[in-house]
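**Q** Output the structure for:
(2 chains)
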Protein chains: 2
Amino acid sequence: MLSVEEARARILGAIGVVGVETVSVSGSWFRVLAAPVVARLTQPPTDVSAMDGFAVRAADAAEGARLRVVGAAPAGRPYDGMLKWGEAVRLFTGSVMPAGADTVVLQEDATVEAEIVVVNQAARQGQHVRRQGQDFAAGDTLLSPGRRLSARDVGLAAAANHPWLTVHRRPRVAILATGDEIHLPGDVLRPGGIVSSNTHVLASMVRAVGADPSVLPVAGDSVAAIRDAALSAAGADILVTTGGASVGAHDLVQAGLAERGFTLDFWKIAMRPGKPMIFGNLQGMPVLGLPGNPVSAFVCALIFLVPALRRLSGLTHVELETERAVLGADLRANDRRADFLRARLGRGPAGELLATPFERQDSALQTVLAEAGALIHRPPHAPALAAGASVPIIRLDGFDF
Amino acid sequence: MLSVEEARARILGAIGVVGVETVSVSGSWFRVLAAPVVARLTQPPTDVSAMDGFAVRAADAAEGARLRVVGAAPAGRPYDGMLKWGEAVRLFTGSVMPAGADTVVLQEDATVEAEIVVVNQAARQGQHVRRQGQDFAAGDTLLSPGRRLSARDVGLAAAANHPWLTVHRRPRVAILATGDEIHLPGDVLRPGGIVSSNTHVLASMVRAVGADPSVLPVAGDSVAAIRDAALSAAGADILVTTGGASVGAHDLVQAGLAERGFTLDFWKIAMRPGKPMIFGNLQGMPVLGLPGNPVSAFVCALIFLVPALRRLSGLTHVELETERAVLGADLRANDRRADFLRARLGRGPAGELLATPFERQDSALQTVLAEAGALIHRPPHAPALAAGASVPIIRLDGFDF
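**A** From the prediction side, this is the model:
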């Protein structure tokens, strides 16, 4: 059995990055940047006022000074004259500083009398002026490839005058559930039948990481059905199957895919839930064969599929974020398989993150899985721990998983 | 000036919840549930095997017992006979337990000799059997309204045999940038012109919380332009404006909207960045007028618009999540305005979350905003703090903002 880390490294080593496309900056949120965003302008483009007030020469702006208001410069309509000694120009936040002016007197620190402004508090030279280029200058690299664009990144690219951005296209993920017992929600169930939830969970996870799922029709338990389903996966960047990955006689995924040229890399991982997991290659397309058990399928998707999709997406950072939390209950020593315990998340008295494993860790419990706020990661042979110890966790809420 | 808390309470108090619609379970990820999900079946529907092995009667399964294999029950194809004394049925994970059987002998603990299975390890009664209804029973309420559906929730609803779910429709958010200086990305800029980034940031934030943005054409600095733009907002659940919210002579948003029947609730909040913010009502539609400054607009949107959109969406939990972090640099005492400092997030030596405020807190710096991992929340009159103190933060990464 492979360790979780080795399995993940082998998967990531076998996965490339999808191609690129041009999208409008207005549609670029959550996309992965594929080319640097270089400023097309300087921001601010000139010195501008940081406040509402009056542009003055600092040398004029002693306490009690009376300056002649020679004009106004609303944002977007600069004063085009030259400010002379003894003059002031009415300004607003963002107004271009007139030539000759170097300082802004706040309106709260001034009194206006007809065309005269009286300075009530001496000004410090340069005060309340935003300097040309203090945010960025034309030619500056503002955002680097491999980054998922946040709302703020989108704003920065727009402010730098980019209507279009080059991003990676969304990875296409084909999802195939296998098994004679599998029905779709709303079907009339045959005896022994169960409703497929894995495809819906996986499709949601795929969307949550910014990729496009394509759910294939369920394939029954025959080599021919799986062989034929593989055709529908053509053009996908990765094929994810669920079910049929264990050692039973009805484990036909490998056999069915083999008829289309599938080559196996590995199929067994030292983890719980989720030991039987297939990874291989179908004529250039990576194939991840998840267990049929819903909790196992979810955990394996989190640990292996999510980093794989991040790599495909072009993200620089592909590893799962782990945090540490305070353990809310005692844990027994672990055996040789890495364990991912479903846990409630809460806050302790000092605001510390508290992770309490559920009593019922049976991997068939979807109700427990849906309630879980985190998985506690127990490495192989981890020693027994008492409540209060610090443990590594993977938070589930941050992913919208 | 209102406190942040009072302003937020007044906004939330003035906002209702949008209506509901029916969506396919496959399209329900990230939607807000509007009706309980009640199990339409029992899971497991009958006792099933948790492993690959043999269904037996526990009383038969002493070490060394030889049992006759009378059939096989692959998942989805139950054995329809009654298991008699001395018999076994081949099973796989998820197989229905045959009538008469109460226990599963693991295949690893058995040896098969033609039609006989030899039990190598005595079985405990009931072992490796998943009991009918151990996950949920028909009629159980599995998910309650007001919850944003995670991938796991979608799976649970599917497993409970729901093809359709009742969710709140996505709130519609009209976004209006105002100001003669505002251009769209790619425009040739006039002198003093700046490129609108606020609308793109806001539209991205609106998407990130599961609502639908509609960006209206920029309105120039005239009462008529703003009055006319208001018409395009008809049918939105909330109108968000940016710019024109300060005390300058060019603050026309209130005047323009007043011509359509706008009534003001408040317009000044004791916070930094972002003091001037309008909230009011335009013939039944809430209006949030954000500052034009990009950092102020972002922070105000985070603090006020996000909870408002969550309330509109039908979520039960609308407050922003705050966490605590260790301060990475000294902070001066705060004045009477709440402060939201842009900060880098990192990890300290013991894995603790470390928030280090940027040196440059000028609210015009979009580069600094894009780099920030969190905002440090400084309440009014917060005392000076030394590096190492614990501070409340709002993480920005978790929102994809």
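**Q** any idea which element residue A:166 lies in?
**A** strand A:164-168 (DSSP states H and E).
**Q** Report the contact partners of the residue nearest in space to the middle of chain A.
**A** Centroid check for chain A by Cα atoms, centre = their mean gives residue A:148 as the closest residue, at 6.0 Å. Contacts for residue A:148 (Cβ atoms under 8 Å, 6 or more residues apart in numbering or on different chains) come out as A:30-33, A:210, A:313, A:315, B:400. For the C-beta atoms, the positions are set from N, CA and C on the backbone; glycine is no exception.
**Q** Closest to residue A:259 out of the residues you listed?
**A** Comparing the contacts of residue A:148 against residue A:259 with Cβ to Cβ places residue A:313 closest, at 30.5 Å.
**Q** so how far is residue B:59 from that closest one?
**A** According to Cβ to Cβ, to the nearest Å, residue A:313 stands 56 Å off from residue B:59.
**Q** These two: which has the busier surroundings?
**A** Remark: of residue A:313 and residue B:59, residue A:313 carries more neighbours, 24 against 12, as counted by other Cβ atoms under 10 Å in any protein chain shown.
**Q** Hmm, that one is touching residue A:20, no?
**A** No. Judged on Cβ atoms under 8 Å, residue A:313 makes no contact with residue A:20 at a distance of 11.3 Å.
**Q** which neighbours do the two share?
**A** Common contacts of residue A:313 and residue A:20 (Cβ under 8 Å, 6+ apart): residue A:168.
**Q** now the stretch 201-350 of chain A, which segments are flagged as low pLDDT?
**A** For the stretch 201-350 of chain A, residues meeting the criterion pLDDT under 70 lie at A:244-251.
**Q** Please enumerate the strands of it.
**A** Remark: strands assigned in the stretch 201-350 of chain A by DSSP state E, counting those that start in this stretch are A:212-215, A:238-242, A:262-268, A:271-272, A:276-282, A:285-290, A:323-327, A:338-347.
**Q** Report the residue ranges of every domain in chain A.
**A** For chain A, automatic domain parsing gives the domain ranges A:4-17+A:170-313, A:20-43+A:138-168, A:48-130, A:323-399.
**Q** Which of the ones you listed sits closest to residue B:165?
**A** Evaluated over the domains of chain A, closeness to residue B:165 peaks at domain A:4-17+A:170-313, with 9.9 Å, by Cβ to Cβ.
**Q** tell me how far that closest one is from the chain's mean position?
**A** 23 Å (Cα atoms, centre = their mean, to the nearest Å).
**Q** is any part of it close to chain B?
**A** Yes. Domain A:4-17+A:170-313 reaches chain B (Cβ under 8 Å from any Cβ of the partner chain) through A:179-182, A:184-187, A:189-198, A:200-205, A:207-208, A:215, A:221, A:246-250, A:292-294, A:298.
**Q** if I look at the residue nearest to the centre of chain A, how far off is residue A:204?
**A** Residue A:148 is 18 Å from residue A:204, by Cβ to Cβ.
**Q** Residue A:229 too?
**A** Look at residue A:229 and residue A:204: by Cβ to Cβ, they are 21 Å apart.
**Q** correct me, but residue A:154 touches residue A:25?
**A** Yes. The pair residue A:154 / residue A:25 is scored as a contact, 6.3 Å apart, by Cβ under 8 Å.
**Q** list the residues that contact both of those two?
**A** Taking Cβ under 8 Å, 6+ apart as the contact rule, residue A:154 and residue A:25 both touch residue B:200.
**Q** which residues does residue A:368 contact?
**A** With contact taken as Cβ under 8 Å, 6+ apart, residue A:368 is in contact with A:295, A:342, A:358, A:360-362.
**Q** can you redo the residues you listed as a markdown table with neighbour count?
**A** Shown next, in a markdown table, are the contacts of residue A:368 (neighbours: other Cβ atoms under 10 Å in any protein chain shown):
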| residue | neighbour count |
| --- | --- |
| A:295 | 25 |
| A:342 | 25 |
| A:358 | 17 |
| A:360 | 12 |
| A:361 | 16 |
| A:362 | 15 |
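**Q** Get me the contact residues on the stretch 301-401 of chain A for chain B.
**A** Counting by Cβ under 8 Å from any Cβ, the residues of the stretch 301-401 of chain A that sit close to chain B are A:323-324, A:351, A:362, A:364-367, A:369-370, A:372, A:390, A:396-398, A:400-401.
**Q** Just the ones in helices from those, please.
**A** Members of these lying in helices (criterion: DSSP state H): A:366-367, A:369-370.
**Q** Make TSV out of those and add neighbour count.
**A** Formatted as TSV, those follow (neighbours: other Cβ under 10 Å):
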residue	neighbour count
A:366	26
A:367	21
A:369	25
A:370	24
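**Q** ok, which pair from those is furthest apart?
**A** By the measure Cβ to Cβ, A:367 and A:369 form the most distant pair in those, at 7.3 Å.
**Q** Now do the shared contacts for those two.
**A** What both residue A:367 and residue A:369 touch, as defined by Cβ under 8 Å, 6+ apart, is the set residue B:156.
**Q** Quick check: phi and psi on the residue nearest to the centre of chain A?
**A** Phi and psi for residue A:148, reported as degrees, to the nearest 10, are phi -80, psi 130.
**Q** That one pairs with what?
**A** Judged by DSSP bridges, the bridge partners of residue A:148 are residue A:32.
**Q** What's the separation between it and residue B:255?
**A** From residue A:148 to residue B:255 the distance is 41 Å (Cβ to Cβ).
**Q** Next, the contact list for the residue nearest to residue A:229 when sequence neighbours are not counted, please.
**A** Nearest residue to residue A:229 in three dimensions, chain neighbours excluded: residue A:219, at 4.2 Å (Cβ to Cβ, 6 or more residues apart in numbering or on different chains). With contact set as Cβ under 8 Å, 6+ apart, residue A:219 has these partners: A:176-178, A:225-226, A:228-229, A:256.
**Q** Just the buried residues of the residues you listed.
**A** With burial judged by 16 or more other Cβ atoms under 10 Å in any protein chain shown, the buried subset of the contacts of residue A:219 is A:176-178, A:225-226, A:229, A:256.
**Q** Greatest separation within those residues: which pair is it?
**A** Top of the distance list for these (Cβ to Cβ): A:177 and A:256, 13.2 Å.
**Q** measure the residue nearest to the centre of chain A to residue A:78 for me?
**A** Distance, residue A:148 to residue A:78, by Cβ to Cβ: 38 Å.
**Q** Who are the contact partners of the residue nearest to residue A:200 when sequence neighbours are not counted?
**A** Spatial nearest neighbour of residue A:200, chain neighbours left out: residue B:158 (4.4 Å); criterion: Cβ to Cβ, 6+ apart. By Cβ under 8 Å, 6+ apart, the contact set of residue B:158 is A:185, A:195-197, A:200-201, B:25.
**Q** A helix includes residue B:158, no?
**A** Yes. Counting by DSSP: H, G, I helix; E, B strand; the rest coil, residue B:158 falls inside a helix.
**Q** So it versus residue A:133, what's the distance?
**A** As judged by Cβ to Cβ, residue B:158 and residue A:133 stand 54 Å apart.
**Q** give the contact list for the residue nearest to residue A:372 when sequence neighbours are not counted.
**A** Leaving out its chain neighbours, the residue that sits closest to residue A:372 by Cβ to Cβ, 6+ apart is residue A:342, at 4.0 Å. By Cβ under 8 Å, 6+ apart, residue A:342 lies in contact with A:295, A:357-358, A:361, A:365, A:368-369, A:371-372, A:375.
**Q** from these, which is closest to residue A:38?
**A** Checking the contacts of residue A:342 one by one against residue A:38 (Cβ to Cβ), the nearest turns out to be residue A:375, at 40.5 Å.
**Q** avg pLDDT for the strand or helix carrying the closest one?
**A** Assignment of secondary structure by DSSP H and E places residue A:375 within strand A:374-378. In this model, strand A:374-378 has a mean pLDDT of 97.
**Q** by contact count, what packs against it?
**A** Judged by 3 or more Cβ pairs under 8 Å, 6 or more residues apart in numbering or on different chains; DSSP states H and E, strand A:374-378 is in contact with strand A:323-327, strand A:338-347, strand A:353-357, strand A:390-395.
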